[in-house]
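*Asks:* build the 3D model from these lines:
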Amino acid sequence: MQKQIKTALISVFYKDNLENIVKKLGEQGVTIYSTGGTQKFIEEQGVKCVAVEDLTAYPSILGGRVKTLHPKVFGGILARRDNPQDLEQLKQYEIPEIDLVIVDLYPFEETVKSTSEEQAIIEKIDIGGVSLIRAAAKNYKDVVIVASKDQYADLEKVLTENNGATSIQDRRNFASKAFEVCANYDVAISQYFLNNEPGDYFQVSVPQGQVNRYGENPHQRGVFYGKLDEVFNKLHGKELSFNNLVDVDAACQLIQEFEGKTTFAVIKHTNVCGVATRNTLKEAWEAALAGDKESAFGGVLVTNKVIDKATAESINEIFFEILIAPGFDADALAVLQVKKNRILLEQKQPVQSKYMFKNVLNGVLLQDSDKGNYIEWNEVGARPSTAEEKADLEFANLIAKHLKSNAIALVKNQQLIGKGCGQTSRIDALRHAIEKAGQFNFDLKGAVMASDAFFPFNDCVTIAHEHGINAVIQPGGSVRDNDSIEYCKQNGMVMVTTGMRHFRH
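*Replies:* Down below sits the predicted model:
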């Protein structure tokens, strides 16, 4: 059913892009009620406006905390137009019907980001705005509610195309968005009071950034919720797919582990297939690629240094989907942009993730993010690690942390030379890692091995030693830790226990 907008209440914090709407309402003869700064703004557009104080016969009180909380406002919004008793009461108390409500909310989230002063934050908890939005949305059969500046364009389109008339579906759509705005606002306030710690309810509210072409597979729908442009400038290429986003997240999480060191990594299906630290970026790239040239095909590349032309020319020789870097030299960008579908992302800030969660069993699992490399460094083998071995062990342990369990990482000279991941047994993971190293002709003599979890038996250290590996890092914690430790002692091997497991299921 079409309903003509004859009256409107407008009271907003953000007035950008509101001019056309105000002028359109004025042209259509709509009676506008407003407050404070919004009233002044409307009048500056040359449009007549009635002060809410004149409607309620009450001034704005308590420092602006109470302006619209009055029956003459809420009665006009909540009255059911098809209910004779409601209409009779409007007439009895001289309450005008209100057909359109344009109200946004105080910038609570922005205030939390900009200050730690509690009183300033508390004052940005909106009361009247939320109440008006909920009232109008509840009565969507008769009232249009616009609850955010993001919906101004939608309203302007309706006003223009239908000369101020709205359909029931229009009003329901605006109401749906309004309740989302309120829900997001309440979650932000709740999280502030919880100090962003888990509470009695699983509360997450993230704005929608993009609808994906599909999900993990073509028959699945996919949507990304988040502000991608806060993390990246997309310099080139097609839109990121669902799977791209998952891999990009894995790449960013990994590269953040190597802050300050010139490091390059290749990611495939969220697993690391090549990573190396070197003196120059081109050397780091070439060493990372050498770790598994086969898996790198169509992969996601990531580095923590600005891409220069020499590195770009080397990268340009292979097929890849995405390249992530903190910056690109102009001549490097020119080289990499020759293929139109390549995605080039300039990373502006780290990926922040205090918690990790996943849906299971009609519910949600939440946990702290896996921060750090090791809790302790216990040298329990036959001898202490050398400086070179320690550096490689630390490097390998970080890589194992970012591989799917069961995981084994083999490292030599700050380069991943073999890995096994997602295996049902740790021995299989090691065998796969050794096979990968052999596939690309790496000599395992002098390499180190990292495991994401403890060794229940000494079979893994035995196999590693037989292939020339003489230094091992693992969390420890097995009732049979001593089996592996004793083997290392008897065979001159380094064994480090960290007290920190890195399962990744």
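*Asks:* buried sites along stretch 427-434?
*Replies:* Buried residues in stretch 427-434, counted by 16 or more other CB atoms under 10 Å: 427, 429-434. Using the backbone N, CA and C atoms, a C-beta is placed for each residue, glycine as well.
*Asks:* only alpha carbons, please: show stretch 105-125 as CSV.
*Replies:* Backbone C-alpha positions of stretch 105-125 (Å, rounded to 0.1, in the frame of the first residue of the first chain) are rendered in CSV as follows:
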residue,chain,number,x,y,z
LEU,A,105,22.9,8.0,16.5
TYR,A,106,25.7,9.8,18.4
PRO,A,107,29.1,8.6,17.2
PHE,A,108,29.8,6.2,20.0
GLU,A,109,32.4,4.0,18.3
GLU,A,110,34.3,7.0,16.9
THR,A,111,34.4,8.5,20.3
VAL,A,112,35.8,5.3,21.9
LYS,A,113,38.5,5.3,19.2
SER,A,114,39.4,9.0,19.8
THR,A,115,39.5,9.2,23.6
SER,A,116,39.7,7.3,26.8
GLU,A,117,37.8,9.9,28.8
GLU,A,118,34.9,7.9,30.2
GLN,A,119,32.5,10.8,30.6
ALA,A,120,32.9,11.9,27.0
ILE,A,121,32.2,8.3,25.9
ILE,A,122,29.2,7.9,28.2
GLU,A,123,27.7,11.1,26.8
LYS,A,124,27.8,9.6,23.3
ILE,A,125,25.4,6.8,24.4
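*Asks:* average pLDDT for it?
*Replies:* Along stretch 105-125, the predicted confidence averages to a pLDDT of 91.
*Asks:* then stretch 471-488?
*Replies:* On average, the pLDDT along stretch 471-488 is 93.
*Asks:* got a list of what residue 278 touches?
*Replies:* Each residue near residue 278 by CB atoms under 8 Å, 6 or more residues apart in numbering is listed here: 262, 264, 284, 287, 414.
*Asks:* repeat for residue 405
*Replies:* Residues near residue 405 by CB under 8 Å, 6+ apart: 421-422, 452-453, 503-505.
*Asks:* pull the most distant pair out of those.
*Replies:* Between all members of those, the longest pairwise span (CB to CB) is found for 422 and 453 and amounts to 13.4 Å.
*Asks:* which neighbours do the two share?
*Replies:* Jointly contacting residue 422 and residue 453 under the rule CB under 8 Å, 6+ apart are 405-406.
*Asks:* picking up where we left off before, of the contacts of residue 278, buried ones?
*Replies:* For the contacts of residue 278, a neighbour count by 16+ other CB under 10 Å gives the buried set as 262, 264, 284, 287, 414.
*Asks:* quick revisit: as TSV, the contacts of residue 278 with pLDDT, secondary structure and distance to residue 26 would be great.
*Replies:* Listed next are those as TSV, based on pLDDT from 0 to 100; DSSP: H, G, I helix; E, B strand; the rest coil; distance: CB to CB, whole Å:
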residue	pLDDT	secondary structure	distance to residue 26
262	97	coil	61
264	98	strand	60
284	97	helix	63
287	97	helix	67
414	97	coil	69
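*Asks:* okay, those residues in a markdown table with distance to residue 36 next?
*Replies:* Rendered in a markdown table, the data for these read as follows (distance: CB to CB, whole Å):
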| residue | distance to residue 36 |
| --- | --- |
| 262 | 56 |
| 264 | 56 |
| 284 | 58 |
| 287 | 63 |
| 414 | 62 |
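*Asks:* for these, which one is nearest residue 202?
*Replies:* Distance ranking of the contacts of residue 278 against residue 202, using CB to CB, places residue 264 first at 37.3 Å.
*Asks:* show me where the stretch 201-350 of the chain has helices.
*Replies:* Remark: helices assigned in the stretch 201-350 of the chain by DSSP state H, counting those that start in this stretch are 228-231, 242-255, 281-290, 309-315, 330-336.
*Asks:* packing partners of the longest one?
*Replies:* The one in question is helix 242-255. For helix 242-255, the packing partners by 3 or more CB pairs under 8 Å, 6 or more residues apart in numbering; DSSP states H and E come out as strand 263-268, strand 271-277, strand 299-303, strand 320-325, strand 343-347.
*Asks:* residue 447: which of these is closest?
*Replies:* Between residue 447 and the helices and strands packed on helix 242-255, the tightest spacing by CB to CB is seen for strand 271-277, at 13.4 Å.
*Asks:* got the CA coordinates for the closest one in PDB?
*Replies:* Once side chains and other backbone atoms are set aside, the C-alpha atoms of strand 271-277 remain, and they are given as PDB (Å, rounded to 0.1, in the frame of the first residue of the first chain):
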ATOM      1  CA  ASN A 271      49.200 -23.100   4.300                       C
ATOM      2  CA  VAL A 272      52.800 -21.800   3.800                       C
ATOM      3  CA  CYS A 273      54.500 -23.400   0.900                       C
ATOM      4  CA  GLY A 274      57.500 -21.100   0.700                       C
ATOM      5  CA  VAL A 275      59.000 -18.500   3.000                       C
ATOM      6  CA  ALA A 276      62.500 -17.100   3.500                       C
ATOM      7  CA  THR A 277      64.400 -14.200   5.100                       C
END
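*Asks:* for that strand, list every residue counted as buried.
*Replies:* 271-277.
*Asks:* residues in contact with that strand?
*Replies:* Looking at strand 271-277 with CB under 8 Å, 6+ apart, the contacting residues turn out to be 250, 254, 258, 261-267, 283-284, 287-292, 295-296, 299, 395, 399, 402-404, 409, 414-416, 419, 421-422.
*Asks:* stretch 125-139 now?
*Replies:* Contact with stretch 125-139 is made by 9, 11, 65-69, 73-74, 77-80, 98, 101, 103-106, 108, 143-145, 147, 174-175, 178-179, 181-182, 185, 189, as judged by CB under 8 Å, 6+ apart.
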